[in-house]
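[1] here's a sequence, model it:
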Amino acid sequence: LNLPEVTSVYLVVSQPRSQISTTWYFAEGYVSSNFSEFLTLENPNAQAAHVHVTYLTQPVGQAPKAPFTLTYTVNPDTRYTIVVNNQPGIVQNDQISLVVNSDVPIVAERPMYFKFTPLTPNPNGGTDVVGATHESSVFFFPFVQFGTDQQIGSPTYGTSYITYLTVLNRNTTPVNVTITYKGTNSLYSVTHQVAATTRGTFSLASDFPLANSSNKNSYLYAESLMVTTDLPVVVELPSYFTIPKSGTQGALASGNDEVGAAAPQTNWDFAEGYAGTSNNQFLTYLDLANPGDTTANATLTLAVTNGTTPLAPVTKQYAVSPQSSITIGLNTLVCPQGVLYCGYSIGEHVASSQPIVVDRQMFFNFQGTMPGSTAVVGSQGSQSQFYFAEGYTGTGFSEYLTIVNPATNSSAETVTIRYLIQGSAPKTITLSQPLQPGQRWTEIVNKDVGANQQVSVEVTANTGTLIVERPMYFNFHSFALGGTDVIGYSPGN
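    Okay, the predicted model is just below:
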């Protein structure tokens, strides 16, 4: 997707590397009997944080309500949880965007648990994102799916996706939102408007006449998507889907959510990835989108671990044509030939000759009982510290940290993890062994902090840099089963 010859880009510069943000933005949010939304806050400071949360709401099918602000006090060195459904001023079926402002640096995440009834069987699970720390006027998503495939004999027959674009507009005037889709041999743009100081929601399928045609005989998708606006906003992409059973892969009804990338980059990193086992099935994919007009030659390097034993890295080359995208299945790259599930853990690094956008999708059935999906845009390089506001080790929840010492680093790295536990004193540990360059490590948070803890995390490389993610799998009150994953916040990203 080529940018126009002249594009006004509004971008509020993020905080310096040494400074955690005091402002956080979330475009997506919804409360109902089938959606439970939370806001989790991490205060790593020695003084209390006074946090002002502005709620921009639009009830389904109604006019937007006036924004309102509530104030919370987060004690030093701890984690704080806001149950959004229960806040005064919030009513059932509110579509919600959030603006979080604090008088001291904090970190904010927004986990949600859902049952999505417009599709049958009802997708259920959870999503989680680290908030955006700045607004922008351009957002990129490497691969988007929406629509229903009802063509008998198609490899995706029976698959249905409902995908939305949610927009936080805190400007005092309406904002024009142009969505440009690049599909197979086609380019399509449509412009919507979001009213001032509110949240906007658009169903992607409604932009395409074929999506609502009587025969619905095509599985609709867009190879990549670009969003441009005439004022700074924040954009997210929640998606819900049903996928029928196929071969060794079980049926799946779940959902995921992404915050768009603000710009293409030449380097992208991930610390999570898994090739699963026959009883713990995981499929891991990377989507590489090239929005430019020059072929991007991308080198993919995989850090592969069998348990705690590092294996030889896997390196592959790919050419991504102009204004197109490719999807790479990682299981078949790391497993022995003919084996789909081999139990190997994976970290990913993509280096490209041209700026591209990369995300990672995972589809899984954790321990054979918790099916779900995650999607995350990559980290734009390794950093010395990563922060996570969300974390929980209660009944039915399994929390992990996945950590990679990039192969480009020249020495082993000692890693320190500081846990900020709601209602308890912080706990600090050091990994049992230094991580060698190119090594990936999985840390089990439940073992580190014990059961029934609401916990935020700070991960520090003592001398160099790391990539860190936090996958978490859950049975949320027997209502929503699945998993979430985020790349940690770093002041350098």
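
[2] strands of the stretch 201-350 of the chain, start to end?
    For the stretch 201-350 of the chain, applying DSSP state E, counting those that start in this stretch gives strands covering 221-222, 224-243, 252-259, 265-270, 282-290, 296-306, 309-310, 314-320, 324-329, 345-366.

[3] please convert those to a markdown table, extending it with mean pLDDT and mean neighbour count.
    Using the backbone N, CA and C atoms, a C-beta is placed for each residue, glycine as well. Shown next, in a markdown table, are these (pLDDT from 0 to 100; neighbours: other C-beta atoms under 10 Å):
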| stretch | mean pLDDT | mean neighbour count |
| --- | --- | --- |
| strand 221-222 | 66 | 22 |
| strand 224-243 | 95 | 23 |
| strand 252-259 | 96 | 24 |
| strand 265-270 | 97 | 22 |
| strand 282-290 | 96 | 24 |
| strand 296-306 | 96 | 20 |
| strand 309-310 | 91 | 13 |
| strand 314-320 | 97 | 14 |
| strand 324-329 | 94 | 17 |
| strand 345-366 | 97 | 23 |
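
[4] out of those, which is closest to V138?
    Evaluated over the strands of the stretch 201-350 of the chain, closeness to V138 peaks at strand 224-243, with 5.4 Å, by C-beta to C-beta.

[5] need the strands of the stretch 201-350 of the chain in a markdown table with distance to A407, can you?
    Below are the strands of the stretch 201-350 of the chain laid out as a markdown table (distance: least, C-beta to C-beta, whole Å):
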| stretch | distance to A407 |
| --- | --- |
| strand 221-222 | 33 |
| strand 224-243 | 28 |
| strand 252-259 | 26 |
| strand 265-270 | 11 |
| strand 282-290 | 17 |
| strand 296-306 | 6 |
| strand 309-310 | 11 |
| strand 314-320 | 10 |
| strand 324-329 | 18 |
| strand 345-366 | 7 |
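
[6] how long is stretch 428-446 end to end?
    Terminal residues of stretch 428-446 lie 14 Å apart, using C-alpha to C-alpha, to the nearest Å.

[7] with stretch 285-303 instead?
    Termini of stretch 285-303 sit 15 Å apart (C-alpha to C-alpha).

[8] starting at the chain centroid, how far to it?
    Relative to the centre of its chain, stretch 285-303 is centred 19 Å away, using C-alpha atoms, centre = their mean, to the nearest Å.

[9] ok, stretch 410-427 next?
    23 Å.

[10] what's that stretch in contact with?
    Here stretch 410-427 makes contact (C-beta atoms under 8 Å, 6 or more residues apart in numbering) with 42-44, 77-81, 401, 403, 405, 428-431, 434-437, 441, 443, 445, 448-449, 453-466.

[11] with stretch 26-33 instead?
    By C-beta under 8 Å, 6+ apart, stretch 26-33 touches 37, 39, 84-85, 90-98, 100, 108, 110, 112, 114, 127, 129, 131-132, 166-168, 199, 233-236, 238, 257, 259.

[12] 7 Å instead?
    Here stretch 26-33 makes contact (C-beta atoms under 7 Å, 6 or more residues apart in numbering) with 37, 84-85, 90, 92-98, 110, 131, 166-168, 199, 234-236, 238, 257.

[13] return the subset of those lying in strands.
    Among the contacts of stretch 26-33, the residues falling in strands (DSSP state E) are 37, 94-98, 110, 166-168, 199, 234-236, 238, 257.

[14] could you list the low-pLDDT ranges of this protein?
    Within the chain, the ranges that satisfy pLDDT under 70 run 1-18, 183-186, 208-223, 247-248, 492-493.

[15] grab the most central residue of it for me.
    What sits nearest the mean C-alpha location of the chain, by C-alpha atoms, centre = their mean, is V376, with 3.5 Å.

[16] measure it to Y72 for me?
    Counting by C-beta to C-beta, to the nearest Å, the separation of V376 from Y72 is 27 Å.

[17] same question for D359.
    D359 is 32 Å from Y72, where distance means C-beta to C-beta.

[18] returning to what we had before: who's the residue nearest to the centre of the chain bridged to?
    Per DSSP bridges, the residues bridged to V376 are R360.

[19] before we move on, what about the one 10 residues further on?
    Legend: beta-bridge partners of F386 under DSSP bridges are V459.

[20] contact partners for it?
    The contact partners of F386, by C-beta under 7 Å, 6+ apart, come to V459, L466, V468, G488, Y489, S490.

[21] swap in 10 Å and give it another go.
    With contact taken as C-beta atoms under 10 Å, 6 or more residues apart in numbering, F386 is in contact with 107, 130, 271, 379, 401, 403, 417, 457-461, 465-470, 486-493.

[22] with adjacent residues omitted, what lies nearest to N452?
    Distance criterion C-beta to C-beta, 6 or more residues apart in numbering; nearest residue to N452, sequence neighbours excluded, is G394 at 4.9 Å.

[23] do the same with L435
    Distance criterion C-beta to C-beta, 6+ apart; nearest residue to L435, sequence neighbours excluded, is N405 at 3.9 Å.

[24] now for that neighbour, how many residues are close by?
    Counted with other C-beta atoms under 10 Å, the neighbours of N405 add up to 28.

[25] ok, it to L431 distance?
    10 Å.

[26] joint contacts of these two?
    Common contact partners of N405 and L431 (C-beta under 10 Å, 6+ apart): E413, T414, V415, W441.

[27] next, format those as TSV and append distance to T308.
    Below are the shared contacts of N405 and L431 laid out as TSV (distance: C-beta to C-beta, whole Å):
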residue	distance to T308
E413	16
T414	16
V415	14
W441	8
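
[28] just those residues: which are in strands?
    Here DSSP E is the test, and the shared contacts of N405 and L431 give V415, W441 as lying in strands.

[29] name the nearest of the shared contacts of N405 and L431 relative to Y344.
    Nearest to Y344 among the shared contacts of N405 and L431, with distances taken as C-beta to C-beta, is W441, at 13.7 Å.

[30] tell me the contacts of the closest one?
    Taking C-beta under 10 Å, 6+ apart, we find W441 in contact with 271, 303, 305, 308, 310, 345, 347, 401-405, 413, 415, 431-435, 466, 468.

[31] rerun that using 8 Å as the cut-off
    The contact partners of W441, by C-beta under 8 Å, 6+ apart, come to T305, T308, T402, I403, V404, V415, L431, L435.

[32] specify the beta-bridge partners of it.
    Residues in a beta bridge with W441, per DSSP bridges, are I403.
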